[in-house]
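Student: just need the structure, nothing else, for what follows:
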Amino acid sequence: MDILSIVLGVLSLVTAFTPFIWLQVVGGFVGIAGVVLARRAKKADYRKDLTTAIGMLCSITGVVLCFAAPVLSVLSNIALLLMR
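Tutor: Residues are numbered from 1 along each chain as shown. Got it, this is the predicted structure:
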């Protein structure tokens with residue numbers, strides 16, 4: 001589960017930089033699944049500290065980027081419309 005959380009975290013990071021908002025939202029939910037898997041792996045075996053920390057870091061960063069990018073995109077489009 002710890003390696004899968006790393007993979008899901010990396011997938012959410014990759015989808016954060018796509019130009020499609022729907023794909024960024026899907027990537028955010030994939031990142032949330034990565035966080036859940038990292039927490040479960042940490043509870044199951046306390047010795048998997050490094051891999052679960054990497055999975056947690058990648059997943060949380062992916063979630064933040066995936067959900068911040070569409071919001072910033074919409075705000076920038078509104079600002080551009082108001083500048084006309």
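Student: tell me the contacts of Ala44?
Tutor: Residues near Ala44 by Cβ atoms under 8 Å, 6 or more residues apart in numbering: Met1. To be clear about C-beta, it is placed using only N, CA and C from the backbone, and glycine gets the same treatment.
Student: measure it to Ala68 for me?
Tutor: 31 Å (Cβ to Cβ, to the nearest Å).
Student: repeat for Ser5
Tutor: The gap separating Ser5 from Ala68 is 21 Å, by Cβ to Cβ.
Student: higher neighbour count, those two?
Tutor: Ser5 (28 against 13; other Cβ atoms under 10 Å).
Student: residues in contact with that one?
Tutor: Counting by Cβ under 8 Å, 6+ apart, Ser5 has contacts Gly34, Val35, Leu37, Ala38, Ala41, Thr51, Thr52, Gly55, Met56, Cys58, Ser59.
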